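Visitor: Fold the following, please.
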Amino acid sequence: MAGADGASTALQRRDLCARGIRLAGKMRSDVVNLLEAYAERQGLDASASVAAVEGVPPAAVERWDEQTSTQRLLENLAAYRAFRALLAQMLEQHREQLGEADAALGRALAAVLLQVSAFAYHLEELLRLESRGVPGEEEEEEEDGLPPQPHSLFEQKLRGLGVLRELAQWAVRSARDLRQLTKPSPGTGSAPSLPESP
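Guide: Numbering: from 1, shown residues only. From the prediction side, this is the model:
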């Protein structure tokens, strides 16, 4: 019976990873389109140099191939929770500044925010499947962790550009991480199990 449960869990995990990879691909495509529209409507050069965004772990990591499944999932979850809060902040700023004047950009921001929220939930499901607790689910903790808002309108626009750029990079990394989770571990023929947290 335990073998059947293990096979069922492996199938569920593979299915969740496959769906997650599709979600990440769609999100990246939408974020790239949003990034272009955002830069154009904000009067920014899409290739402008932007400082790293406070509160978001960078998508690029050293020794990526040495990370455990748990590390991959937890880092992804932390990033998407941060993006959810930052995008909500961007959407609120957009509504305050432009109201209905640029409704299309507001709708695109809202759509990406929904995708980020759905992806965070998807990662939580993967962690639950692996019998891992989902850390810090309280919204209040998430809000408190936000970096202070930039003071000038120009700084807000640059930060928005940086958030969208980093989100596009995370979508690529997430798909890569989920592909890695579906690979069988050496000698077992099944997906690698998550090691115990220290």
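
Visitor: so who does Leu35 touch?
Guide: The contact partners of Leu35, taken as C-beta atoms under 8 Å, 6 or more residues apart in numbering, are 46, 161, 164-165, 168. Backbone N, C-alpha and C define where each C-beta goes, glycine included.

Visitor: buried stuff in stretch 110-129?
Guide: By neighbour count with 16 or more other C-beta atoms under 10 Å, stretch 110-129 contains the buried residues 112-113, 115-117, 119-120, 122-124, 126-127.

Visitor: Relative to Gln93, which of these is nearest.
Guide: Set against Gln93, the nearest of these by C-beta to C-beta is Leu113 (12.8 Å).

Visitor: Could I get the phi/psi values of the closest one?
Guide: Per-residue torsions, Leu113: phi -60, psi -40 (degrees, to the nearest 10).

Visitor: Now do the contacts for it.
Guide: For Leu113, the contact set (C-beta under 8 Å, 6+ apart) comprises 84, 87-88, 91.

Visitor: let's see 10 Å
Guide: Leu113 is in contact with 83-88, 90-91, counting by C-beta atoms under 10 Å, 6 or more residues apart in numbering.

Visitor: Out of these, which two sit at the greatest distance?
Guide: Spanning the widest gap among the contacts of Leu113 are Phe83 and Leu91, at 12.0 Å by C-beta to C-beta.

Visitor: So for the two, which sits in the more crowded spot?
Guide: Phe83 (28 against 18; other C-beta atoms under 10 Å).
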